[in-house]
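Student: test case, fold it:
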Amino acid sequence: MLSFDLVNFVCMIINILILYFLAKKFLFGRVNSIIEKRDQEIKDSYATADKVTKEAQTSRREYQMQVAEFEKEKAQLMDRAMKEAEERKTSIIDKANLEAEGIVRTAKDEAVRIKNVAGLEHDKQVEELVFDVASRLAGQAITEEANSELYDRFLAQAAGKGTGNE
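Tutor: Numbers count the residues shown, from 1 in each chain. Model (predicted):
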């Protein structure tokens, strides 16, 4: 049967307390230190991961800003190139227009000169014709019929030569 003995009870309590203090000192202390080390390692891992994540986000932002700057510079360079090309185009067109105007002016001057030369040639031919008629008249006796015939021939020759030059 079971009996309650105070001495056994006190010895049991003392044994339990001794076991508890020994376990606490040798077993729980080491286990708790291992648990604390693991807990610290996990916290350090999280801190490192947060740090790396923040650095990656910072690097990403810097990269995006650089890309945006490059795009902005690219747009500026393209605008500048387009303006320069437009200025060159305008310059070339203006130069070509000036050259064309000069060519047209020269052609007009040449046409006027040719017209004047043609007019002088026509005048020379008329003069030669008049001289020819005058020399024939001087060689012939001036009669009314001869004068009329000579006048008709002069008009016919003048009409024939005048239409051929125009």
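
Student: who are the packing partners of the longest helix along the chain?
Tutor: In the chain, assigned by DSSP state H, the helix with the most residues is helix 29-139. Applying 3 or more CB pairs under 8 Å, 6 or more residues apart in numbering; DSSP states H and E, one finds that helix 29-139 contacts helix 144-165. Placement of C-beta: from N, CA and C, glycine included.

Student: so which bits of the helix it packs on are buried?
Tutor: 150, 154 (16 or more other CB atoms under 10 Å).

Student: off-centre distance for it?
Tutor: Its chain's C-alpha centre and that of helix 144-165 lie 73 Å apart, by CA atoms, centre = their mean, to the nearest Å.

Student: that one to helix 29-139, inter-axis angle?
Tutor: For helix 144-165 against helix 29-139, the angle by axes from the mean of the first three to the mean of the last three CA atoms, to 10 degrees is 170 degrees.

Student: now helix 144-165 - C-alpha only, PDB.
Tutor: The C-alpha trace of helix 144-165 is given here as PDB (Å, rounded to 0.1, in the frame of the first residue of the first chain):
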ATOM      1  CA  GLU A 144       8.000 103.900-164.300                       C
ATOM      2  CA  GLU A 145       7.700 100.200-165.300                       C
ATOM      3  CA  ALA A 146      11.200  99.300-164.100                       C
ATOM      4  CA  ASN A 147      10.700 101.200-160.900                       C
ATOM      5  CA  SER A 148       7.400  99.400-160.300                       C
ATOM      6  CA  GLU A 149       8.900  96.000-161.100                       C
ATOM      7  CA  LEU A 150      11.900  96.700-158.900                       C
ATOM      8  CA  TYR A 151       9.700  97.700-156.100                       C
ATOM      9  CA  ASP A 152       7.600  94.500-156.400                       C
ATOM     10  CA  ARG A 153      10.800  92.300-156.500                       C
ATOM     11  CA  PHE A 154      12.100  94.100-153.400                       C
ATOM     12  CA  LEU A 155       8.900  93.400-151.500                       C
ATOM     13  CA  ALA A 156       8.900  89.800-152.600                       C
ATOM     14  CA  GLN A 157      12.500  89.300-151.500                       C
ATOM     15  CA  ALA A 158      11.900  91.200-148.300                       C
ATOM     16  CA  ALA A 159       8.900  89.000-147.500                       C
ATOM     17  CA  GLY A 160      10.700  85.800-148.400                       C
ATOM     18  CA  LYS A 161      13.800  86.600-146.300                       C
ATOM     19  CA  GLY A 162      11.900  88.100-143.400                       C
ATOM     20  CA  THR A 163       9.700  85.100-142.900                       C
ATOM     21  CA  GLY A 164      12.600  82.700-143.000                       C
ATOM     22  CA  ASN A 165      14.400  84.400-140.100                       C
END
